[in-house]
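Colleague: With the sequence up front, the predicted model follows.
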Amino acid sequence: MLVARRRPRLDARINDLARRIQEALPLNHGARIDEHVMILPGCIIGHDSMIAAYAALAAGAVVSGGVRVGRRAYLGAASVVRDDVSIGDRSLRGLGAAVVRNMPADVLWAGNSARPVRSKANRT
C-alpha cells in the first residue's frame, strides 16, 4: 500500500503564493472566477461578478458589480464594464472600451462607449 507523503515546505510555499495573489487582486465579496482565467495586474473585479472559464482581462480592466463575463471573452487594457452587464462568450472588447450595455457573443466591440465593430459571422 502506498502512503502519500506530505511536503510541508511545498505546502507552505503554495499557501504563501495564494495569499500574495489574494492580496494583489482586488476581488470583492461574492465574485466568482472559473478555471483557466487570465487576469493581468491592475484589474478590479466587483462584487457578485462572474468570470467564466478561459476569459482574459488585460491590465487595468475594471469589472463592476454583478457583471457576467462569458467563456473565452477578452477585455482589453483599461476597459471598463458597467454594473449588471453581460458579456457574451468569445466576444472581444478593445483597448479602453467602456461597456454600458449587454453584449452578444462572437462580436468585437471598441470605443467609448463601446460599439460593435465586427461579428465573427461577418468575417471574410
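Modeller: In hand now; what should we look at? Residues are numbered from 1 along each chain as shown.
Colleague: And the strands in the chain?
Modeller: Assigned by DSSP state E, the strands in the chain fall at 32-33, 38-39, 44-45, 50-51, 56-57, 62-63, 68-69, 74-75, 80-81, 86-87, 92-93, 98-99, 107-110, 115-119.
Colleague: Would you mind giving the ones you listed as TSV with mean pLDDT added?
Modeller: Output for the strands of the chain, formatted as TSV (pLDDT from 0 to 100):
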stretch	mean pLDDT
strand 32-33	89
strand 38-39	90
strand 44-45	90
strand 50-51	94
strand 56-57	94
strand 62-63	93
strand 68-69	96
strand 74-75	94
strand 80-81	93
strand 86-87	94
strand 92-93	91
strand 98-99	89
strand 107-110	88
strand 115-119	85
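Colleague: Residue 39: neighbour count?
Modeller: Per other CB atoms under 10 Å, the neighbour tally for residue 39 reads 21. In this view, the C-beta of every residue, glycine as well, is placed from N, C-alpha and C.
Colleague: Over to residue 104?
Modeller: 14.
Colleague: What's opposite the residue nearest to residue 99 when sequence neighbours are not counted in the beta bridge?
Modeller: Once flanking residues are discounted, residue 99 sits nearest to residue 81: 4.4 Å by CB to CB, 6 or more residues apart in numbering. Legend: beta-bridge partners of residue 81 under DSSP bridges are residue 63, residue 99.
Colleague: Identify the residues contacting residue 81.
Modeller: Going by CB atoms under 8 Å, 6 or more residues apart in numbering, residue 81 touches 61-64, 67, 69, 75, 87, 93, 99.
Colleague: follow-up on the earlier one: would you turn the strands of the chain into CSV with distance to residue 13?
Modeller: CSV is the format used below for these (distance: least, CB to CB, whole Å):
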stretch, distance to residue 13
strand 32-33, 22
strand 38-39, 21
strand 44-45, 25
strand 50-51, 26
strand 56-57, 26
strand 62-63, 30
strand 68-69, 30
strand 74-75, 31
strand 80-81, 34
strand 86-87, 35
strand 92-93, 35
strand 98-99, 38
strand 107-110, 40
strand 115-119, 44
